[in-house]
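Participant: could you work out the structure for the sequence below:
(one chain, ligands or ions: 1)
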Amino acid sequence: MRIGLAGVGRIGAFHAETLRSLDTVDELVVTDLDTAAARSLAERLGVAHAETSEALLAGGVDGLVIATATPGHSPLLRQGLEAGVPTFCEKPVASTLEETLELAKLASASDVPVHIGFQRRFDQGYQRARQAVHDGELGFVHTVRANTHDQAPPHATYIPTSGGLFRDCSIHDFDIIRFVTGQEIVSVYATGANKGASFFSEADDVDTAAAVLTLDDGTLVTLSATRYNGAGHDVRLEVIGSDGTMGVGYDDSLAVTSAQEGVDFPKGPRHWSFMERFLPAYRSELTAFAEVASGSRPSPCTVDDALQAFRVAEACEISRHEDRMVRIDEVAAT
Ligand SMILES: NC(=O)c1ccc[n+]([C@@H]2O[C@H](COP(=O)([O-])OP(=O)(O)OC[C@H]3O[C@@H](n4cnc5c(N)ncnc54)[C@H](O)[C@@H]3O)[C@@H](O)[C@H]2O)c1
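Facilitator: Numbers count the residues shown, from 1 in each chain. Now for the predicted structure:
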């Protein structure tokens, strides 16, 4: 199978290495607006490169992986759909709700499969928690706690086009809360702060945020996000029920120091980036995309799934700006 990859920045270069190592991928061709970066990665990995995404698609590929900066997703996803090429697209599908809605319509009217990159769905811990909820192992679930704490901010130029902390970062939590609980989020109350670099507030963004979400069965969720967690990359979920509590992300890499005397948990080492934290999940995700591209399985995460997570992020932004509770049905669904 010949796979094309657009965007060779932080996640794109990492995905290129994973794709190159998959048995099902015989050939990889990479492209980037920064042609020198694409050429240099191609040389380093011993794969092909194309000068433009148009040239990449014209050369014939069995699957397209979009890992460009977020504003590049929408035009490339359209190109992939028009060319009839199964497409993997990094989250978020687009920077705005309007574009996300349009792409959801286009994708649902097309036979071409699209797989959106919410890699937590492939993490063993989240899968185990989902099974426990599904099997009733925790009794009735009443509370969920979700954290996404990045160790350090991305480069300053990333922030203005990222869509903001909720659309760029907490969107992973919104998706995985739906995946684990099987419930939809119906309302949010969100707030944020900028205590770090000023480039966040200059982009009308925040570097730290909190939200209270309500699910459609009444379960309450508290959510926390930050770009500044010097202790390490810390992504966790706790599901609390009448018969038990299950935690995802609680192992020896946990980026927390216990204040209890004599306690040496966690023993470390910690994760310092999302690449380390989710290494096996990213591999499983791209293995699954190769199966989607070969037609042997349906997309495990559709544009419509991504739209539902995006609506929650949009509601959080409205809530943060207007300082009020926002129902998700205030945010357009079609
Ligand atoms: N799933 C995850 O865990 C995860 C983690 C990090 C980033 N992401 C997503 O991946 C995307 C890329 O993030 P990043 O951190 O790698 O960003 P980055 O800024 O490091 O890299 C982006 C790359 O895209 C290239 N590019 C921009 N527009 C392009 C276009 N139209 N065609 C071709 N190349 C183009 C840039 O030149 C750059 O090399 C973002 O949408 C981000 O939300 C997902």
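
Participant: please count neighbours and contacts with C-alpha atoms only from this point.
Facilitator: OK.

Participant: now do the same contact list for Gly268.
Facilitator: When contacts are counted by C-alpha atoms under 8 Å, 6 or more residues apart in numbering, Gly268 touches 252-254.

Participant: just Thr181 next, same as before
Facilitator: Thr181 is in contact with 130, 133-134, counting by C-alpha under 8 Å, 6+ apart.

Participant: got a ChimeraX select line for the buried ones in those residues?
Facilitator: In ChimeraX syntax, the buried subset of the contacts of Thr181 is picked out as below (16 or more other C-alpha atoms under 10 Å):
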select :130,133
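
Participant: now the contacts of Thr181 in JSON lines, with pLDDT?
Facilitator: Below are the contacts of Thr181 laid out as JSON lines (pLDDT from 0 to 100):
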{"residue": "Arg130", "pLDDT": "98"}
{"residue": "Val133", "pLDDT": "98"}
{"residue": "His134", "pLDDT": "98"}
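
Participant: please identify which of the contacts of Thr181 is nearest to Pro113.
Facilitator: Arg130 (24.5 Å; C-alpha to C-alpha).

Participant: you'd agree that closest one is in a helix?
Facilitator: Yes: under DSSP: H, G, I helix; E, B strand; the rest coil, Arg130 sits within a helix.

Participant: hmm, it is touching Phe179, no?
Facilitator: Yes: at 7.0 Å, Arg130 counts as touching Phe179 under the criterion of C-alpha atoms under 8 Å.

Participant: in stretch 243-253, what's buried?
Facilitator: By neighbour count on 16+ other C-alpha under 10 Å, the buried set for stretch 243-253 is 245-250, 253.

Participant: closest point of the stretch 201-334 of the chain to the ligand, which residue?
Facilitator: Phe274 (6.2 Å; C-alpha to the nearest ligand atom).

Participant: with adjacent residues omitted, what lies nearest to that residue?
Facilitator: Among residues not flanking Phe274 along the chain, His233 sits closest, at 6.7 Å (C-alpha to C-alpha, 6 or more residues apart in numbering).

Participant: next one: that neighbour from Pro269, what distance?
Facilitator: From His233 over to Pro269 the distance is 11 Å, taken as C-alpha to C-alpha, to the nearest Å.

Participant: those two: which is more packed in?
Facilitator: Taking neighbours as other C-alpha atoms under 10 Å, His233 and Pro269 compare with His233 leading, 25 against 11.

Participant: can you pull the contacts of the more buried one?
Facilitator: If you count contacts by C-alpha under 8 Å, 6+ apart, then His233 has 149-151, 255, 270-274, 277 around it.

Participant: any chance of the residues you listed in CSV, with pLDDT and distance to Ser162 too?
Facilitator: Formatted as CSV, those follow (pLDDT from 0 to 100; distance: C-alpha to C-alpha, whole Å):
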residue, pLDDT, distance to Ser162
His149, 98, 16
Asp150, 97, 15
Gln151, 97, 17
Ala255, 96, 25
Arg270, 96, 26
His271, 97, 23
Trp272, 95, 21
Ser273, 94, 18
Phe274, 95, 16
Arg277, 96, 21
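
Participant: what's the helix or strand for Val212?
Facilitator: strand 208-215 (DSSP states H and E).

Participant: paired strands for that strand, with orientation please.
Facilitator: In the sheet, strand 208-215 lines up against strand 185-193 (antiparallel), strand 220-226 (antiparallel) (DSSP bridges).

Participant: so which of those comes closest to Asp23?
Facilitator: That would be strand 220-226 among the strands paired with strand 208-215, by C-alpha to C-alpha, at 36.3 Å.

Participant: ok, and what's touching the closest one?
Facilitator: 142-150, 165, 169-170, 207-215.

Participant: identify the residues contacting Ser187.
Facilitator: Ser187 makes contact with 213-215, 315, 325-328, according to C-alpha under 8 Å, 6+ apart.

Participant: so what's the residue count around the closest residue to it other than its chain neighbours?
Facilitator: Among residues not flanking Ser187 along the chain, Arg327 sits closest, at 4.1 Å (C-alpha to C-alpha, 6+ apart). For Arg327, the number of neighbouring residues by other C-alpha under 10 Å comes to 18.

Participant: who's Glu238 bridged to?
Facilitator: Arg145, Gly247.

Participant: for the ligand, what are the nearby residues on the protein?
Facilitator: 6-12, 32-34, 67-70, 72, 90-92, 117-119, 158, 168 (C-alpha under 6 Å from any ligand atom).

Participant: hmm, 5 Å instead?
Facilitator: Residues of the chain lying close to the ligand by C-alpha under 5 Å from any ligand atom are 7-11, 32-34, 67-70, 72.

Participant: of all those residues, which comes closest to Ala333?
Facilitator: Thr70 (20.9 Å).

Participant: contact partners for the closest one?
Facilitator: By C-alpha under 8 Å, 6+ apart, Thr70 lies in contact with 91-95, 161-162.
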